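Colleague: only geometry, no sequence info:
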């Protein structure tokens with residue numbers, strides 16, 4: 001499946017509570033979001049499967065893929081387009097074997113050592129970060145800054161998306177550092193107008 005990493009939305013159910021997750025995603029896609037990751041560390045598998053199915057239906061015909069954060073079971077049972085894993089999550093090899101060659105598999109990377117150890121042949125893209133400190137993820141690794149991001153992007157042979165504390169004013173710096181796009185959570189989730197928030201990020 002072909003995909004566009006230019007504006008990658010990672011969902012947060014708590015931040016999206018007021019507007020609702022589905023509405024937030026739909027409006028954000030209208031505003032320019034090109035890729036969606038469903039992430040919820042607290043929902044049960046059955047609840048997350050149901051949410052993923054609703055999002056997948058809402059995204060039908062948009063060309064925007066839906067991947068699931070970490071939970072392979074949810075990705076398989078919901079018909080999602082793929083899985084995104086962190087360094088301590090489901091192994092990339094296991095994810096690829098279970099989901100097949102057409103699935104989109106992504107991996108979070110924070111260091112050159114992690115990048116060099118990654119099973120590149122089994123991956124479709126990598127997430128590089130965090131670029132800055134972020135409140136959306138409490139246990140994140142040391143921030144890279146744009147200099148660290150550029151070092152990782154230069155060493156990377158896969159498409160990459162930068163994440164971590166990024167806002168609309170950072171979009172041009174992300175591209176200049178060599179990443180293919182930027183991923184955001186709070187810059188869209190929880191904003192009063194997800195459509196306008198996405199437009200600002202997609203067209204800085």
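Modeller: That came through fine. In this text, all values refer to a predicted model and were calculated from it rather than measured experimentally. Numbering: from 1, shown residues only.
Colleague: Could you pick out the longest strand of this protein?
Modeller: Of all segments of type strand in the chain, defined using DSSP state E, the longest is strand 104-109.
Colleague: Flag every buried residue along the top helix by length along the chain.
Modeller: Longest helix of the chain, by residue count under DSSP state H: helix 45-59. By neighbour count on 16 or more other C-beta atoms under 10 Å, the buried set for helix 45-59 is 48, 49, 51, 52, 53, 55, 56, 58, 59. Any C-beta I mention is one placed from the backbone N, CA and C, and that applies to glycine too.
Colleague: same question for the host helix or strand of residue 76, mean pLDDT?
Modeller: Assigned by DSSP states H and E, residue 76 belongs to helix 72-78. Mean pLDDT, helix 72-78: 98.
Colleague: strand partners of the helix or strand just after that helix, parallel vs antiparallel please.
Modeller: As assigned by DSSP H and E, the chain's next helix or strand after helix 72-78 is strand 82-85. For strand 82-85, the paired strands and their directions (DSSP bridges) read strand 66-69 (parallel), strand 104-109 (parallel).
Colleague: which residues sit against the longest strand of the chain?
Modeller: Outside of strand 104-109, the residues within contact range by C-beta atoms under 8 Å, 6 or more residues apart in numbering are 1, 3, 65, 67, 81-87, 92, 95-96, 99, 115, 118, 122-129, 152, 156, 163.
Colleague: Let's see that with 7 Å instead.
Modeller: 1, 3, 65, 67, 81-87, 92, 95-96, 99, 115, 118, 122-128, 152 (C-beta atoms under 7 Å, 6 or more residues apart in numbering).
Colleague: now the longest helix of the chain, how far from the centre of its chain.
Modeller: A distance of 16 Å separates the centroid of the chain from that of helix 45-59, by C-alpha atoms, centre = their mean, to the nearest Å.
Colleague: now do stretch 154-168
Modeller: Stretch 154-168 sits 10 Å away from the centroid of its parent chain (C-alpha atoms, centre = their mean).
Colleague: pLDDT of the longest helix of the chain, averaged?
Modeller: 97.
Colleague: hang on, the earlier thing: take the strands paired with strand 82-85 and write them to CSV, including mean neighbour count.
Modeller: Output for those, formatted as CSV (neighbours: other C-beta atoms under 10 Å):
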stretch, mean neighbour count
strand 66-69, 25
strand 104-109, 24
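Colleague: the helices in this protein, which residues?
Modeller: Under the criterion DSSP H, the chain contains helices at 21-31, 45-59, 72-78, 92-99, 112-117, 145-155, 171-176, 194-202.
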